[in-house]
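Undergrad: Return atomic coordinates for the entry below.
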Amino acid sequence: MNKKLSVLIVDDDISLGDSLTDILDAKGYDVNVVTSGKEALATIDENNFDVIFMDIRMPGMNGVETFMEVKKKSPHTSVVMITAFADGDLITQARDEGALQILPKPLDLEKIIGFLKKQELLRTIFIVDDDITFCNSLKDAIELHSYNVTVVNSAQEAIDTFEQQNYGIVLLDLKLNGKSGMDVAEDIKQKGFKCVMVMMSAFKKEFQKELDNSDQKFNFMEKPFEIDDLLQLLNEVSKKRLMKVLV
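TA: Okay, here's the model as predicted:
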């Protein structure tokens, strides 16, 4: 069952929080709203959020101070800062601390919806590997972190599944039922799908020449790998894609 994208709005402007909540709720997102940094941190202790929209200037704990604490509690959450001010030390600090983007008020709702749709797509992961035990174990581990995961165990299943649905991220074994994962990646590309490709293998040297000569850009995880290392990679590649949407 697909998990709804969870969004937290942090802004002391109650009317803005309420109106943005109504809009995002109507689009099918799971939305919470709080009016202070202190409330935000308490809410994050009890819930996992995919995205946070946070006002920079708030009484008491400001948005940047709150963001610094959020990074400790929920490092993989996408945090977008919002502000009615064109410049200032807080905006510079927010950028330095790694905020995904800083959006001006009044908010561009079309851009926000586009961003959330991209975030939603990047929470869908397609695992293609003929090691069934490995696939099931990896699926269970990734789903604990709010990803929606689909698993197939053959090259043909992979192609057939992509005919029906697009995915944001593909985890693809380089040795697959006697067929190279590189061939599967090429088939997916030819169908016009622009997804993040993460190749997996314990035999990278065998495929190094193909990887180097490919016109596609691949990320790589060498088996066996730690789930935290994979989650870090997924977070980094997603952040790069999401930043482009908000420019």
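
Undergrad: Show me what the helix or strand hosting Ile52 is packed against.
TA: Assigning secondary structure by DSSP states H and E places Ile52 in strand 51-55. Applying 3 or more Cβ pairs under 8 Å, 6 or more residues apart in numbering; DSSP states H and E, one finds that strand 51-55 contacts strand 6-10, helix 63-73, strand 78-83, helix 109-122. (Each C-beta comes from the backbone N, C-alpha and C, glycine too.)

Undergrad: same thing but at 10 Å, please
TA: strand 6-10, helix 14-26, strand 30-34, helix 37-46, helix 63-73, strand 78-83, helix 109-122 (3 or more Cβ pairs under 10 Å, 6 or more residues apart in numbering; DSSP states H and E).

Undergrad: Can you list the neighbours in contact with the second one?
TA: Helix 14-26 has contacts (Cβ atoms under 10 Å, 6 or more residues apart in numbering) with 5, 7, 9-11, 13, 29-35, 51, 53, 55, 82, 84, 105-107, 109, 112-113, 116.

Undergrad: Longest helix of the protein, counting residues only.
TA: helix 227-246 (DSSP state H).

Undergrad: and the angle for it with strand 51-55?
TA: Interaxial angle of helix 227-246 relative to strand 51-55 (axes from the mean of the first three to the mean of the last three Cα atoms, to 10 degrees): 60 degrees.

Undergrad: Compute the inter-axis angle for helix 227-246 and helix 109-122.
TA: Going by the same axes, to 10 degrees, helix 227-246 makes 150 degrees with helix 109-122.

Undergrad: Can you report how many residues neighbour Phe134?
TA: 17 (other Cβ atoms under 10 Å).

Undergrad: Phi, psi for it please.
TA: The phi/psi pair for Phe134 (degrees, to the nearest 10) reads phi -60, psi -40.

Undergrad: How confident was the prediction at it?
TA: Reported pLDDT at Phe134 in the predicted model: 96.

Undergrad: Could you measure from it over to Lys223?
TA: Going from Phe134 to Lys223 by Cβ to Cβ, to the nearest Å gives 8 Å.

Undergrad: shared neighbours of the two, which are they?
TA: By Cβ under 10 Å, 6+ apart, the residues touching both Phe134 and Lys223 are Asp173, Met200.

Undergrad: and Gly63, what does it touch?
TA: 10-12, 37, 40, 52-57, 70, 79, 81-83, 90-91, 93-94, 99, 102.

Undergrad: are any of those buried, and which?
TA: The neighbour-count test (16 or more other Cβ atoms under 10 Å) marks 10-12, 37, 40, 52-57, 70, 79, 81-83, 90-91, 93-94, 99, 102 as buried among the contacts of Gly63.
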